[in-house]
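could you work out the structure for the sequence below:
(one chain, ligands or ions: 2)
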Amino acid sequence: MKEKWWKDAVIYQIYPRSFMDGNNDGMGDLKGIISKLDYLQFLGIDAIWLSPIYESPMEDNGYDISDYHKIAPEFGTMEEMDTLIAEAKKRHIRIIMDLVANHTSKEHKWFKEALKGKDNPYHDFYYWSDTKDNKEASFGGSSWEYVKNLDEYYYHYFAKGQVDLNWTNPKVRKEVANIVNWWLDKGVAGFRMDAIELIGKDLKNGIFANGPKIHEYLKELNQNSFGLKEDSITVGEGWPTPQIALDYTMPENKELDMMFQFESACSIYLPDNGLGKFDPLPIDLVKLKAIFAKWQQSLHNKSWNALFWENHDLPRSVTRFGDDRFYRVESAKALAIMLFLQQGTPFIYQGEEIGMTNAYLKKLSDYQDIDALGNYQALAIDKKLTTPEKFLEGLQKGSRDNARTPMQWDDSINAGFNKGAKPWLKVTPNYKEINVKQCINDKDSILYTYKHLIELRKSKEYRNVIHYGDFKLELADDPYLFVYERSYQQQKLLIVINYDNDVHEINLNQKPKKILISNYKTSSLNLKKQTLQPYEAIVYEL
Ligand code: GLC
Ligand code: CA
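Ligands and ions are numbered 1, 2, ... in the order given. You can find the predicted model right below:
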């Protein structure tokens, strides 16, 4: 069987409103993305996952779609979308769309119809109830919203304006398959599937994720849409365990190709005090290593991992997992090396490749995200789980706006994001030092580490061991060192990382042949009683 292209791919996520503002109105757009395709080709990526660009009232920045067949005017036109697909193709870059089908915007015509009456054919496209229970929406407040003229409540897992679609209705499932096919016919490569684990919910029994019928729905969608295109890609968003991910992604199940998992990039720092990501715990390396090992080993030879540190919902990895004050460059490179030598398809989130940091916004009014503002009200004001001052500090650590500040292209006005119009979200002041232009001019920059890692994954000599090799964790209990081995046939790679801002000694009997990549010029071939520098990360061939 032909190997799937996406197993050899590196995918780059673009958050359109923050990537590049091509018409200088403060909002990133398609024209801006097109103008940066050469840069992405230079980096060496194979596909772009585009966060939603469809028509939307933008209550949740496009994750609330009002028309799946139109482009939001702030992002451009359908003609520009076609140009983007064609121009990307010329550079061997595929476009992956974001399919948000757990819910529509309340402005979608289906919901407007549904509001007209209980006997309207679209009423059953959504979930309704005469009473409401205590379920809280994920951006704060109740999950049930009252509609006066119908005298009933509709259900929303996320914001009020994001109304959950009723997938038990076969007409809904048919509409979603139509949308998928319409975009595939346009030439997109596939879909990242938003909140997909929620579509099988069973509200009466309080089941939200991974509901009883979800596999039936996904198999049906696969059969009626992307499964018909051998070359397509689907990546589901959810919070699965390895076993759940396998159920969704084993090829013989004919559902999805990959699942994102949030254990390594997120759950690892969530406390139990109700404040979640706004009061993160320090990273426990021993736990983190065990999580990676579990995923690598559980999916090996059965399915395929989606590897990532960042996306538009998470803080910047160099801030959360590295050290953005004293070892920004070293730790960002270490994180890249840690991830890219694992088995799976790596995802880079815009700006990660240059080590962009959290935004450190100071005032509540600087925040734009419905999740930040909604949870400020719910957690700090209504429930008083913490003080407003403390919550502001929490936002600096956990808010989604941290990853959404304008991309830092150069040291000119607004970081080169545009020509000077006020951006929709503040530019991070460190853009004078941290920007793409600086990275391109410095062969030792984080950007080149990413570029070299991409080349390494694709190289004839090392592709197979990275692609197929077994994963073995060494020194599992060491609190500072992350060491793992990948082996395939006669070939062995050893990945050694000092995950700390202090020096630590490593003492192994291995005698490496050579160093394939490292983040210190002084990295040594000797592993016997060897001192590793802060965040030193080395890939050896044994
Ligand atoms: C996903 C998206 C997030 C969005 C939510 C609702 O988690 O990644 O940005 O707010 O779904 O669509
Ligand atoms: Ca614009």
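
OK, contacts around E216?
For E216, no contacting residues are found, by Cβ atoms under 8 Å, 6 or more residues apart in numbering. In short, each C-beta sits where N, CA and C put it, glycine included.

and the biggest helix by length in the chain, how far from the chain's centre?
Ordering each helix of the chain by length in residues (DSSP state H) puts helix 170-186 first. Relative to its chain's centre, helix 170-186 lies at 23 Å (Cα atoms, centre = their mean, to the nearest Å).

output the contacting helices and strands for it.
On a contact count with 3 or more Cβ pairs under 8 Å, 6 or more residues apart in numbering; DSSP states H and E, helix 170-186 meets strand 67-71, helix 78-90, strand 94-99, strand 190-193, helix 214-224.

right, so these: which one is the most enclosed?
Among the helices and strands packed on helix 170-186, strand 190-193 has the highest mean neighbour count (mean count of other Cβ atoms under 10 Å), at a mean of 26.

direction included, what does that one pair up with?
Paired neighbours of strand 190-193 in the sheet (DSSP bridges): strand 94-99 (parallel), strand 233-236 (parallel).

nearest to N205 among those strands would be which one?
strand 233-236 (22.3 Å; Cβ to Cβ).

and that closest one, what's buried?
Buried residues in strand 233-236, counted by 16 or more other Cβ atoms under 10 Å: I233, T234, V235, G236.

OK, contacts around the second one?
Contacts of T234 were listed using Cβ under 8 Å, 6+ apart, and they are G190, F191, R192, M193, N222, F226, L256, D257, M258.

just to revisit the earlier point, nearest to ligand 1, out of the strands paired with strand 190-193?
strand 94-99 (7.9 Å; Cβ to the nearest ligand atom).

what pLDDT, on average, does that closest one get?
Computed over strand 94-99, the mean pLDDT rounds to 98.

other residues contacting that strand?
Here strand 94-99 makes contact (Cβ under 8 Å, 6+ apart) with 11, 46-52, 63, 84-85, 88, 176, 179-180, 183, 187-194, 233, 235.

how many neighbours does D382 have?
Neighbours of D382 under the rule other Cβ atoms under 10 Å: 11.

any weak-confidence spans in the stretch 351-500 of the chain?
By pLDDT under 70, the stretch 351-500 of the chain has no low-scoring segment.

cool, and the chain?
1.

what residues does L364 make contact with?
Going by Cβ under 8 Å, 6+ apart, L364 touches L373, Y376, P388, L392, L395.

to N169, which of the strands paired with strand 190-193 lies closest?
Ranking the strands paired with strand 190-193 by proximity to N169 (Cβ to Cβ) places strand 94-99 first, at 17.8 Å.

tell me the angle of the closest one relative to helix 78-90?
Using axes from the mean of the first three to the mean of the last three Cα atoms, to 10 degrees, the direction of strand 94-99 lies 140 degrees away from that of helix 78-90.

start the count at 513 instead of 1 going forward.
Renumbered: residue one is now 513, and that last one reads strand 606-611.

check the offset of strand 606-611 from the chain's centre.
Averaging C-alpha positions (Cα atoms, centre = their mean) puts strand 606-611 13 Å from its chain's average.

tell me where the stretch 613-762 of the chain has strands.
Assignment of strands within the stretch 613-762 of the chain using DSSP state E, counting those that start in this stretch yields the ranges 615-617, 640-641, 656-659, 664-667, 674-676, 702-705, 745-748.

so which of those strands comes closest to ligand 2?
strand 615-617 (21.0 Å; Cβ to the ion).

that closest one pairs with which strands?
Sheet neighbours of strand 615-617, with direction, are listed as strand 674-676 (antiparallel) (DSSP bridges).

just to revisit the earlier point, adding distance to ligand 1, write the strands paired with strand 702-705 out as TSV.
TSV is the format used below for these (distance: least, Cβ to the nearest ligand atom, whole Å):
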stretch	distance to ligand 1
strand 606-611	8
strand 745-748	11
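
any part of stretch 789-806 near ligand 1?
No. Stretch 789-806 stays clear of ligand 1 (Cβ under 6 Å from any ligand atom), getting no nearer than 12.5 Å.

and the contacts of that stretch?
Residues from elsewhere that reach stretch 789-806, judged by Cβ under 8 Å, 6+ apart: 754, 775-776, 778, 780-783, 785, 827, 832-833, 854, 887, 891, 898, 903, 906-907, 909-911, 983, 985, 988-992, 994, 996, 1011.

buried stuff in it?
Across stretch 789-806, burial judged by 16+ other Cβ under 10 Å covers K789, F790, D791, P792, L797, L800, K801, A802, I803, F804, A805, K806.

likewise stretch 542-557?
By neighbour count with 16+ other Cβ under 10 Å, stretch 542-557 contains the buried residues L542, K543, G544, I545, I546, K548, L549, L552, L555, G556, I557.

so what's the residue in the stretch 863-1012 of the chain positioned nearest to ligand 2 closest to, chain neighbours aside?
In the stretch 863-1012 of the chain, the residue that lies nearest ligand 2 is N930 (7.0 Å; Cβ to the ion). With Cβ to Cβ, 6 or more residues apart in numbering as the criterion, N930 has its nearest non-adjacent residue at 3.5 Å, and that residue is D533.

measure the one you found to D594 for me?
D533 sits 20 Å away from D594, going by Cβ to Cβ, to the nearest Å.

same deal with M868?
According to Cβ to Cβ, M868 stands 30 Å off from D594.

over to T899?
51 Å.

equivalent analysis for P724, please.
Taking Cβ to Cβ, one finds P724 at 40 Å from D594.

from the chain's centroid, how far away is stretch 564-579?
Relative to its parent chain, stretch 564-579 has a centroid offset of 18 Å by Cα atoms, centre = their mean.
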